[in-house]
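Asker: after the sequence you'll find the predicted model.
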Amino acid sequence: MTIQRLVAACAISLLPAAVHAQVVISGQVSAETGARLANASVVLEGLQLGARTGEDGRYSITVPAARVSGQTASLSVRAVGYRPRSASIVLQPGALRQDFTLVVSPFQLSEVVITGAGTASVVERLGTVRTRVDTAALVRATEPNVAAALAGKVAGIDVQQQSGDPGASTKVIIRGLNTINGSGNPLYVVDGTPINNQTIFTSGNTTGTVAPNRAYDLNPDDIESIEVLKSAAAAAVYGARGSQGVILITTKKGRAGATRYSLRSTLTKDEVTRVPALQQTYDQGALGVTQSWLTNKTPGAQLTGSSFGALIAPGTPIVDQATAMFEDGQLFDNVLQVSGGNERTVFFLSGGSSNQDGMIVGSTDYYRRN
């Protein structure tokens, strides 16, 4: 009995030493802005020990005394949307503190995509070809129409612009026209909500005039990312409207940190560099009466459908009405953006105006406010 009590006393006396011999690693994970990062993964490499940060960004890892021998180990942290970081620590009995500050990763997630059903799926399982568009290239294109700005930036799509007039609509066809009764337009989804990109066709007295498509209402500067789903398999997620492909648009959102301001002003000039050749040999007329478009000095003289008339007398002033109908066009675009917030609330405000003056003399201007 005395021996048993002696063994128990020795065990109790050694218990504090064993507890003291373990290592408790703790710390906090935060972003560059100072915001605490929750659900970050902290792993002690080689020992298969780890933890996740709480809402306050703190973590704690306990290393048993039996696995502590004064060795050097690597402590790494990973968080979605941030670059991973590692730090070398020496495992010594007692408490050890290691804080991390993570830098935002400039790359987007390539393995997860949000589908139309509002769920996250692995890209390889979507069964459709997916292409990401460089949004910085869209802004550099200085195209007020998002659909027109896609020209030359995605393989396998055909971008057709109605005309060069301000406010003209643009049609996008993905992998060729494969419908008889449909328009062939892909489905536009903005922040998970499908939008109507319908173009209003003119008829009657306004036949031939241009009308913008509804994607024209989007400001390219407000777009965070664009993804194009090319195959008909996109209909499995978005229904029959996605059978011609889907264009996923995600707009910008505010981020915690100091308030940021951005102002961009762009002035673009349009100039006609080539006009049809003008014949200056024969005049126009009908039944012996001269109805000339070449020698008529009145601005805006109409071209008749009559065949050529007599030879133009030498020295007769020639008026090139085809050249006179054009002028230099210009596009003046202004965008002001303000964003910021804190850990609980973020905001993003954007305002823009676009004033486009066409190259044809007359009231061909188009004005848009976002």
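Answerer: Looks like it arrived, so ask away.
Asker: please name the nearest non-neighbouring residue to residue 49.
Answerer: Distances taken as C-beta to C-beta, 6 or more residues apart in numbering place residue 61 nearest to residue 49, at 5.5 Å, with adjacent residues excluded. Quick note: C-beta positions are derived from backbone N, CA and C, even for glycine.
Asker: how far away is that neighbour from residue 159?
Answerer: 54 Å (C-beta to C-beta, to the nearest Å).
Asker: likewise residue 194?
Answerer: Distance from residue 194 to residue 159, by C-beta to C-beta: 20 Å.
Asker: could you do residue 195 as well?
Answerer: From residue 195 over to residue 159 the distance is 18 Å, taken as C-beta to C-beta.
Asker: residues contacting residue 338?
Answerer: Applying C-beta atoms under 8 Å, 6 or more residues apart in numbering, we find residue 338 in contact with 259, 260, 261, 262, 347, 348, 349, 350.
Asker: can you flag which of those belong to strands?
Answerer: 259, 260, 261, 262, 347, 348, 349, 350 (DSSP state E).
Asker: tell me the bridge partners for the residue most central in space within the chain.
Answerer: With distances taken as C-alpha atoms, centre = their mean, the chain has residue 225 as the residue nearest its mean C-alpha position (2.4 Å). In this structure, residue 225 has beta-bridge partners residue 250, where bridges are defined by DSSP bridges.
Asker: tell me which residues touch it, please.
Answerer: 108, 132, 133, 135, 248, 249, 250.
Asker: hmm, residue 359 is touching residue 269, no?
Answerer: No: at 10.1 Å, residue 359 and residue 269 do not qualify as touching, with contact defined as C-beta atoms under 8 Å.
Asker: where do the contact lists of the two overlap?
Answerer: Listed contacts common to residue 359 and residue 269 are 328, 329; contacts here mean C-beta under 8 Å, 6+ apart.
Asker: of these two, who's got more company?
Answerer: The neighbour comparison of residue 359 against residue 269 (other C-beta atoms under 10 Å) goes to residue 359, with 17 against 9.
Asker: find the residue closest to the more buried one in space, skipping its chain neighbours.
Answerer: Setting aside the residues directly before and after it, residue 359 is nearest to residue 329 in space (C-beta to C-beta, 6+ apart), at 4.0 Å.
Asker: show me what the one you found is bridged to.
Answerer: For residue 329, the beta-bridge assignment (DSSP bridges) gives partners residue 270.
Asker: got the phi/psi numbers for residue 362?
Answerer: phi 130, psi -170 (degrees, to the nearest 10).
Asker: quick one: contacts for it?
Answerer: Applying C-beta under 8 Å, 6+ apart, we find residue 362 in contact with no residue.
Asker: ok, so what distance separates the nearest residue to residue 216 once chain neighbours are set aside from residue 220?
Answerer: Using C-beta to C-beta, 6+ apart and skipping residues adjacent in sequence, the residue nearest residue 216 is residue 145, 4.9 Å away. Residue 145 sits at a distance of 9 Å from residue 220 (criterion: C-beta to C-beta).
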